[in-house]
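K.L.:
sequence first, predicted model second:
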Protein chains: 2
Amino acid sequence: MKKSIEYVEGNKDKFLQELFDLIRIPSISSIAEHKPDMLRMAEALKTNLLAAGVDKAEVMPSEGNPVVYAEKLIDPTKPTILVYGHYDVMPIDPIELWESKPFEPEIRDGKIYARGADDDKGQSFMHIKAFEAMVSTGDLPVNVKFMIEGEEEIGSPSLGKWCAEHKEMLKADTILVSDTGMIASDIPSITTGLRGLSYVEVKVTGPNKDLHSGIFGGAVANPANELAKLIASLTDENNHITIPGFYDDVIVVSEEERAEMAKAPFDIEEYKKALGIKEVYGEKGFSTNERTGIRPSLDVNGIWSGYIGEGAKTVLPSVAHAKISMRLVPNQDNETISRLIKTHLESIAPDYIKVEVTPLHGGQAYVSPITMPAYKAAEKAYSYTFNKKPVPTRSGGSIPIVSTFEKVLGIKSILIGFGLESDAIHSPNENYPLFNFYKGIETIIYFYNYFNEELSK
Amino acid sequence: MKKSIEYVEGNKDKFLQELFDLIRIPSISSIAEHKPDMLRMAEALKTNLLAAGVDKAEVMPSEGNPVVYAEKLIDPTKPTILVYGHYDVMPIDPIELWESKPFEPEIRDGKIYARGADDDKGQSFMHIKAFEAMVSTGDLPVNVKFMIEGEEEIGSPSLGKWCAEHKEMLKADTILVSDTGMIASDIPSITTGLRGLSYVEVKVTGPNKDLHSGIFGGAVANPANELAKLIASLTDENNHITIPGFYDDVIVVSEEERAEMAKAPFDIEEYKKALGIKEVYGEKGFSTNERTGIRPSLDVNGIWSGYIGEGAKTVLPSVAHAKISMRLVPNQDNETISRLIKTHLESIAPDYIKVEVTPLHGGQAYVSPITMPAYKAAEKAYSYTFNKKPVPTRSGGSIPIVSTFEKVLGIKSILIGFGLESDAIHSPNENYPLFNFYKGIETIIYFYNYFNEELSK
């Protein structure tokens, strides 16, 4: 392993320049006009993987954006690691809040600033470079497969089917994913649970055209006011979600497990300071970490109606829209939840408005047991590179495809993410510390070796 | 008067072409980049007034957009009419809903389609042309002054002060305003009451940046959800407004007067059909016309937060905004109401968010007594040209400056508006029927003569 680590040391600049070239391609999956960028991005990854030393690499069609698949099979008796990542990124608005151009990476204060610097170009790329280091130095201990998709940020609508169609090709002992975070640069952690997601769009229609709010105000229902009432009604005074049946399938986490979770280092004052808030908020009876780790939540991700420009316009709008998502916990089915919110909102709509709910995407929650060999290997790798045993944590985020992998391919994933909360993924000024980038590559190299050892026992 | 009417008949096309030239100047007062258009528009009006036969016309500076002033003083012993209008227009979004270009007037089905066709370029222009007809034919019976401002759609912030500075110059027996509507083309009406307006912008701030809704959702207050709760809390189950003190100064209209108002022709089924709604809506215990005529109301005019583009973005937004306006009835003070909503919303804001309320503009409600000479003159004019006695109505809209005129100049206004509900003012596809345009000019000519008669009694 020593030679691989030296290879990383000697190629730090090269790695960075290569990553920057990938970041410069604005591969935003949710915006149709970026379609050509998705294809350019997939081709660039293929080229990069071939240069890193895979036996073959292909841009493979799916029903949506293509999947980049690559492999290097060294010995059928050796374990196989399937690396998953995604090359698509989130939109960049509000653009005015970026301090540098989102697709022109810049290094400031030891961090790479760019859309995708962390999520997930930066993190996916660490795997390619760890692989390159091991191949170049003759150190690769296992078979490796890469599957890098271009639709994660829109809920991976095509990958489940694509996996089912390539089940044989994708056979592996574990799926290795770096698309999550760690507690802090000096507190390594491994994500053992992910929340599921149900994401819907709500449209409230009132009059058939925008009206003058003076002439009609008070006599015709205002869709923006009505949408606000609907949203407000979705939670009660204890911040419980009021959709009938919403909690039916939630497994109550035992007091014991909650006590164990409470031991994870967490400084509420630091947390509030970092977010610039006076007080935290959430479901009554649960701690901040529990609220994101083991409890579902409901958030408005976007809302718009009427006049949103400069100055005052006295309009009674015809329509109002909201994007609403719910994070789900294990055993809650995302399709059931999407159906429940749709039925609920459409059924409580009063006569004077029309409410339509359209599910946009979703995914199941996931749990990764700490007893599996991949977890143990990861634990050893972090313990070596960070000189500290990693903490198992449950993340509030969702990687819907991870539960699909388990269902379709029958393979558990191990989530070793190197991001930090301060990386501002999905937000303006996304960044990724160089420390985490290089330390991650090192940790991955150790993981390969410990995983080989674990499976050879 | 016969010669004046004939003059109108003979110049219909000329009038239209002149109006179209004025409409083509996109004088949107609420958008700073249109500032040059405001000046162009004022100059164009001055030119038009001079051509119509005024003795002098001036583009006069104010603290905001200039005021176009013109006059023709024929005889100090004769009554003086001060015509008020505005040359600014509303913004044009949502632009995609316009069937023709907003600033390129088109005639379809006997209507002028364009922003400002009715409000208020079309209506202001009728006065200039009625004046031109009387001057050209030697028929002008009174002194006339014109005061056409460029800030009505943003609440006339400068005109009050401007009037105070030119009180002597503006002396008149009545102020004649056409910036309102009538019940139907065959049911003439005169607006005897206008609601006041308090318009504020609300900003709710949560975390100091947009967050990932998975990692933070459920543990950090979401400003969009919180804004929805604030808005929902502003009305109760009877659609009463809940702001403490909001109704304190509302004068309860007597049962007798309500019974009188209820006699105005109104077809609720037609109303619902025209708006494409299944049910009307509003404050419990009041009819549709009462809800807009004699009761205050509260509407969200715009709301925005988070991701409002295509697809799904799992963001927990940092801020949420709403534009909220309240229509007020006589005796409610708009500044008091703006203060009440600000105090209320800011004081009920929980610790985990910050709420800021900024008053944008406002105006007082107004009542025009049906006993004043100008009302009687208008009643006679309509009775002659429409062959039907006009109905006195209270409009839900606001022309804040009308109450300022009364306060500053001590002159009552008479509101003879020729617009229809279907004119879609402030909305896409604003239009103005040619019938109303020409009939309005005729009615104004008769008004001048009857007003002269009334004051000579």
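P.N.:
Received it, and whenever you're ready, just let me know what you need.

K.L.:
all contacts plus neighbour counts: C-alpha atoms, from now on.
P.N.:
Noted.

K.L.:
residue ranges of the helices in the stretch 101-250 of chain A, please?
P.N.:
A:121-136, A:159-165, A:213-216, A:223-233 (DSSP state H, counting those that start in this stretch).

K.L.:
how far away is the closest residue to chain B within the stretch 251-400 of chain A from A:Arg195?
P.N.:
Per Cα to the nearest Cα, A:Gly397 is where the stretch 251-400 of chain A lies closest to chain B, at 3.7 Å. A:Gly397 sits 6 Å away from A:Arg195, going by Cα to Cα, to the nearest Å.

K.L.:
need the per-residue pLDDT for the residue nearest to A:Val8 when sequence neighbours are not counted.
P.N.:
Spatially, and ignoring its direct neighbours in sequence, A:Val8 is nearest to A:Ala133 (6.3 Å; Cα to Cα, 6 or more residues apart in numbering or on different chains). Per-residue pLDDT puts A:Ala133 at 98.

K.L.:
circling back: so what sits against both of A:Gly397 and A:Arg195?
P.N.:
Here A:Gly397 and A:Arg195 share the contacting residues A:327, B:214, scored by Cα atoms under 8 Å, 6 or more residues apart in numbering or on different chains.

K.L.:
looking at these two, which has the bigger crowd around it?
P.N.:
Between A:Gly397 and A:Arg195, counted using other Cα atoms under 10 Å in any protein chain shown, the more crowded position is A:Arg195 (30 against 26).

K.L.:
on that earlier part again, in contact with the residue nearest to A:Val8, which residues?
P.N.:
Neighbouring residues of A:Ala133 by Cα under 8 Å, 6+ apart: A:4-5, A:7-8, A:139.

K.L.:
from the residues you listed, pick the one nearest chain B.
P.N.:
For the contacts of A:Ala133, the nearest to chain B is A:Val8 (31.1 Å; Cα to the nearest Cα).

K.L.:
sec struct for the closest one, please.
P.N.:
Reduced to three states with DSSP: H, G, I helix; E, B strand; the rest coil, the structure at A:Val8 is helix.

K.L.:
how near is A:Leu49 to chain B?
P.N.:
29 Å (Cα to the nearest Cα, to the nearest Å).

K.L.:
same thing with A:Pro26?
P.N.:
Here the criterion is Cα to the nearest Cα. By it, A:Pro26 lies 16 Å from chain B.

K.L.:
so that residue sits against A:Pro105, correct?
P.N.:
No: the criterion here is Cα atoms under 8 Å, and A:Pro26 misses it with A:Pro105 at 11.6 Å.

K.L.:
can you pull the pLDDT of A:Glu421?
P.N.:
For A:Glu421, pLDDT reads 85.

K.L.:
which residue is the nearest non-sequential neighbour of it?
P.N.:
A:Glu421 sits nearest to A:Gly181 (Cα to Cα, 6+ apart), 7.0 Å away.

K.L.:
show me the contacts for the one you found.
P.N.:
Contacts of A:Gly181 by Cα under 8 Å, 6+ apart are A:189, A:191, A:416-421.

K.L.:
and A:Val220, by the same measure?
P.N.:
A:206-207, A:352, B:280-282.

K.L.:
quick one: which of those residues is nearest B:Ile308?
P.N.:
A:Gly206 (19.6 Å; Cα to Cα).

K.L.:
quick check: the gap between that closest one and chain B.
P.N.:
Taking Cα to the nearest Cα, one finds A:Gly206 at 7 Å from chain B.

K.L.:
what is the burial count for that residue?
P.N.:
28.

K.L.:
quick one: buried residues of stretch A:165-180?
P.N.:
The neighbour-count check on stretch A:165-180 (16 or more other Cα atoms under 10 Å in any protein chain shown) flags A:170-180 as buried.
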